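>>> Have a look at this prediction, sequence included:
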Amino acid sequence: MLSLLHIENIAVIERADISFDRGFNVLTGETGAGKSIVIDAISAILGQRAYRDMIRTGTSKASVRAVFTDVPELPWFAENGVEYDPETIIQREVHLDGKNVCRVNGSLVTVTILHKLGIQLINIHGQHDSASLFDESNHLQFLDDFSGNQGLRADYADKYDAVARLRREIDRMSMDEGEKLRRMETLKYQIAEIEKANLTAGEDDELEARRKLLQNSEKIANGLNDAVENLYGGDDTDGAASLLSMAERALARIAKFSDDISGLHERVADLMYQVQDVAELSREVRDDLEYSADELERIESRLDVIHRLRKKYGTTCADIIAFGEKAKQELDEIEFADDHIERLKKKLKKAEKTAWDAAKELRKNRQDAAERLSARILTELAQLDMPKVQFSCVFTEIELANNGADAVAFYMSANVGEALKPMSKVASGGELARIMLAMKNVLAEQDRVNTLIFDEVDTGVSGRAAQKVAEKLKSVARNKQVLCVTHLPQIAAMGDTHLLIAKGEREGRTYTTVTPLDIEGRKRELARIIGGANITETTLKSAEEMLCSEI
């Protein structure tokens with residue numbers, strides 16, 4: 001659970017330390033006092049987007065530090081090389097230059113990696129979630145989240161991928177006759193041009209090496225002549241081979257008198273043999289060296305052919321040859337496309353049947369889950385003072401797609417005698433808030449996230465319905481840590497921990513403070529929520545009665 005939140009220089013909050021407890025934590029305060037800033041700070045340490053605009057004016061960075069206790073040993077820690085600690089500390093800094101610095105238990109992580117941890121620690125439910133309930137494109141995902149059918153979806157996805165690959169292959173091979181003829185002519189020309197060149201792999205490298213040799217043959221011949229003379233000797237000088245031979249004989253005569261001299265003799269003998277070998281090879285290379293202007297011309301001509309082909313088909317002879325083989329394969333496919341397409345269509349028919357079988361199995365799972373989801377939501381709604389509501393998941397079969405062959409939409413009827421209609425057309429704001437709370441409560445049972453945050457989800461709710469919403473949030477808080485930003489006294493009175501967000505001025509600057517309230521403080525805050533700024537004995541009495549009934 002989230003135990004401590006330390007905020008520095010975020011909007012109007014210069015510095016705040018907020019302690020949260022188990023159970024039901026409520027946050028109240030005047031509109032604009034900064035309640036949303038606290039939620040933004042929590043969002044930041046969960047790896048959600050943070051903007052430079054959130055940095056307090058006059059400062060260079062904003063920072064948030066959160067302490068989570070009783071954190072399970074999630075695979076995330078090992079996967080990202082972060083030391084696990086049941087008391088996990090997350091820190092994030094947002095700088096004016098746009099730089100973000102994120103740490104988990106002292107280890108630097110990216111915002112993306114932090115987000116993967118954040119969604120496993122806290123779920124934030126805000127007013128925008130109502131819009132997601134209106135959007136029917138989200139309904140299938142809601143149902144799948146409740147179903148826990150990851151295995152069936154993965155099995156279907158594999159089978160659908162096979163169908164998609166075959167369809168793409170058939171589309172690729174299907175073309176009109178005019179296009180087919182044009183492509184065949186192009187391929188035939190390319191193949192003929194490459195085959196006429198009669199290339200071999202590596203030929204270009206060999207030719208370029210030979211050309212380099214021929215172009216520098218005079219320099220090479222002169223160099224080899226000098227080397228042979230220096231190794232063998234000339235008319236007036238002894239060569240290295242001769243001198244080493246003389247040294248070897250001199251040492252050989254005295255080697256028996258000393259081990260050191262014997263060692264020197266062996267080393268000189270080795271050098272002598274090596275130099276003699278080099279001298280002989282140098283002479284052979286010199287004698288074999290030939291220069292032919294005709295050969296150089298033929299090489300230049302051949303390299304010119306290869307150069308033209310390189311511009312079209314690849315950077316090496318091997319690439320050009322591979323291009324030609326690929327062109328032959330494509331030409332063969334086009335010439336026999338009709339036969340190949342027929343074979344692919346037979347494979348596609350089998351793959352589609354397999355995918356449809358998987359889709360139907362997935363649909364059966366979803367339909368069973370839809371019945372359970374509807375029953376659970378209706379039970380939740382009854383507890384939220386909506387006992388007459390009807391709710392149903394309506395299935396429509398569609399063509400095979402990434403997520404199956406189902407379109408799912410949530411239908412409801414808020415009043416007795418009214419037909420089921422899409423949720424967006426029948427739910428009022430207050431009803432939608434309760435429906436969202438019911439759905440979120442049901443879906444929250446399926447995950448292991450221990451902290452839920454509800455950000456003003458009570459909008460449009462009042463009276464008896466407000467009391468029911470408060471009771472539901474209190475019920476959820478028996479098994480999860482719940483943080484709730486609210487304007488309703490019924491909800492505020494239910495809190496186990498009550499935090500007041502207040503805004504004030506000091507030395508020409510605006511400051512927001514977060515204060516945990518005792519019984520007297522809670523009484524005055526509830527009185528303010530009930531009656532506004534003018535707190536009277538009557539509103540204080542009402543607040544006291546509300547608190548006493550909940551304590």
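Arrived safely, thanks for sending.

>>> C-alpha from now on. contacts and neighbour counts both.
Will do.

>>> Which residue is the nearest non-sequential neighbour of residue 227?
Counting by C-alpha to C-alpha, 6 or more residues apart in numbering, residue 227 lies nearest to residue 282, which is 7.2 Å off, once chain neighbours are set aside.

>>> cool, residue 61 as well?
residue 95 (4.3 Å).

>>> what do you get for residue 67?
Excluding the flanking residues, the one nearest residue 67 by C-alpha to C-alpha, 6+ apart is residue 89, at 4.7 Å.

>>> residues in contact with that neighbour?
Residues in contact with residue 89, defined by C-alpha atoms under 8 Å, 6 or more residues apart in numbering, are 65-68, 104-106.

>>> Secondary structure element for it, which one?
strand 88-95 (DSSP states H and E).

>>> Validate this expectation: residue 210 resides in a helix.
Yes - Residue 210 forms part of a helix when assessed by DSSP: H, G, I helix; E, B strand; the rest coil.

>>> strands paired with the helix or strand just after the strand holding residue 89, and their directions?
Next helix or strand after strand 88-95 toward the C-terminus (DSSP H and E): strand 100-104. When pairing is defined by DSSP bridges, strand 100-104 lines up against strand 88-95 (antiparallel), strand 107-109 (antiparallel).

>>> Can you add distance to residue 307 and mean pLDDT and give these back as CSV?
Putting the strands paired with strand 100-104 into CSV (distance: least, C-alpha to C-alpha, whole Å; pLDDT from 0 to 100) gives the following:
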stretch, distance to residue 307, mean pLDDT
strand 88-95, 54, 95
strand 107-109, 50, 94
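
>>> Tell me which of these lies nearest to residue 3.
strand 88-95 (10.2 Å; C-alpha to C-alpha).

>>> quick one: what helix or strand has the closest residue to residue 17 other than its chain neighbours in it?
Leaving aside its sequence neighbours, residue 17 sits nearest to residue 6 (C-alpha to C-alpha, 6+ apart; 4.5 Å). Applying DSSP H and E as the criterion places residue 6 in strand 2-10.

>>> In the sheet, which residues pair with residue 451? Tell me.
residue 122, residue 481.

>>> Am I right that residue 454 is in a strand?
Yes - counting by three-state DSSP, residue 454 is located in a strand.

>>> My guess is it contacts residue 124. True?
Yes - contact criterion C-alpha atoms under 8 Å: residue 454 and residue 124 qualify, at 6.2 Å.

>>> okay, the two: which has more neighbours?
residue 454 (21 against 18; other C-alpha atoms under 10 Å).

>>> sorry, back to before: just the buried ones from the contacts of residue 89?
Neighbour counting with 16 or more other C-alpha atoms under 10 Å marks 65-68, 104-105 as buried within those.

>>> all helices of the stretch 51-200 of the chain, in order?
Using DSSP state H, counting those that start in this stretch, the helices assigned to the stretch 51-200 of the chain run over residues 75-79, 111-121, 128-134, 139-147, 150-173, 177-197.

>>> ok, now the stretch 451-551 of the chain?
463-476, 489-494, 519-531, 537-550.

>>> Low-confidence stretches in the stretch 351-500 of the chain?
427-430, 446-447, 460 (pLDDT under 70).

>>> List the residues that contact residue 489.
Contact analysis of residue 489 by C-alpha under 8 Å, 6+ apart lists 526, 529-530.

>>> Throw those into TSV and include distance to residue 194, thanks.
Compiled in TSV, the contacts of residue 489 are given as follows (distance: C-alpha to C-alpha, whole Å):
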residue	distance to residue 194
526	88
529	86
530	88
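
>>> Considering those, which possesses the most neighbours?
Those, ranked by neighbours (other C-alpha under 10 Å): first place residue 526, 28 neighbours.

>>> surely it meets residue 492?
Yes - at 7.3 Å, residue 526 counts as touching residue 492 under the criterion of C-alpha under 8 Å.

>>> Tell me who's in contact with residue 245.
Applying C-alpha under 8 Å, 6+ apart, the residues near residue 245 are 269, 272.

>>> quick revisit: the strand holding residue 6 to helix 111-121, inter-axis angle?
140 degrees (axes from the mean of the first three to the mean of the last three C-alpha atoms, to 10 degrees).

>>> Report the distance from strand 2-10 to the chain centre.
27 Å (C-alpha atoms, centre = their mean, to the nearest Å).

>>> any idea of the angle it forms with strand 451-455?
50 degrees.

>>> and after strand 2-10, which helix or strand comes next?
With DSSP H and E, the next secondary element past strand 2-10 is strand 13-19.

>>> Grab the CA positions of that next one and hand them over as PDB.
Extracted as PDB, the C-alpha positions of strand 13-19 are listed here (Å, rounded to 0.1, in the frame of the first residue of the first chain):
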ATOM      1  CA  ILE A  13       2.600  22.700  -3.300                       C
ATOM      2  CA  GLU A  14       6.000  23.900  -2.100                       C
ATOM      3  CA  ARG A  15       6.600  20.900   0.200                       C
ATOM      4  CA  ALA A  16       4.200  18.400   1.700                       C
ATOM      5  CA  ASP A  17       4.500  15.000   3.500                       C
ATOM      6  CA  ILE A  18       1.300  13.000   3.300                       C
ATOM      7  CA  SER A  19       0.800   9.800   5.300                       C
END
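
>>> which one's the longest helix in the chain?
helix 337-383 (DSSP state H).

>>> chain center to that one, what's the gap?
The answer for helix 337-383 is 27 Å, by C-alpha atoms, centre = their mean.

>>> Tell me which of the helices of the stretch 451-551 of the chain is the most buried.
helix 489-494 (a mean of 25; mean count of other C-alpha atoms under 10 Å).

>>> Spell out for me which residue occupies the centre of the protein.
residue 112 (7.2 Å; C-alpha atoms, centre = their mean).

>>> Please name the nearest non-neighbouring residue to that one.
residue 47 (6.6 Å).

>>> Also residue 480?
residue 450 (5.2 Å).

>>> thought the one you found was touching residue 483?
No - using C-alpha under 8 Å, residue 450 is not in contact with residue 483; the gap is 11.1 Å.

>>> Show me which of those two is the more surrounded one.
Between residue 450 and residue 483, counting by other C-alpha under 10 Å, residue 483 is the more crowded of the two (27 against 20).

>>> ok, now which ones touch the more buried one?
24-27, 451-454.

>>> From residue 436, how far off is it?
16 Å (C-alpha to C-alpha, to the nearest Å).

>>> What are the contacting residues of stretch 54-63?
7-14, 91-96.

>>> same deal with stretch 92-101?
With C-alpha under 8 Å, 6+ apart as the criterion, stretch 92-101 contacts 44-45, 50-52, 55, 60-65, 91, 102-103, 108-111.

>>> which among the contacts of residue 483 gets closest to residue 367?
residue 452 (28.0 Å).

>>> Report how many residues lie close to that closest one.
24.

>>> for residue 177, same thing?
9.

>>> Please apply the same query to the one 4 residues further on.
Other residues within reach of residue 181, judged by other C-alpha under 10 Å, total 14.

>>> now the buried ones among the contacts of residue 89 in JSON lines, with distance to residue 260 and pLDDT?
Shown next, in JSON lines, are the buried ones among the contacts of residue 89 (distance: C-alpha to C-alpha, whole Å; pLDDT from 0 to 100):
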{"residue": "65", "distance to residue 260": "75", "pLDDT": "96"}
{"residue": "66", "distance to residue 260": "77", "pLDDT": "96"}
{"residue": "67", "distance to residue 260": "76", "pLDDT": "96"}
{"residue": "68", "distance to residue 260": "77", "pLDDT": "96"}
{"residue": "104", "distance to residue 260": "67", "pLDDT": "96"}
{"residue": "105", "distance to residue 260": "66", "pLDDT": "96"}
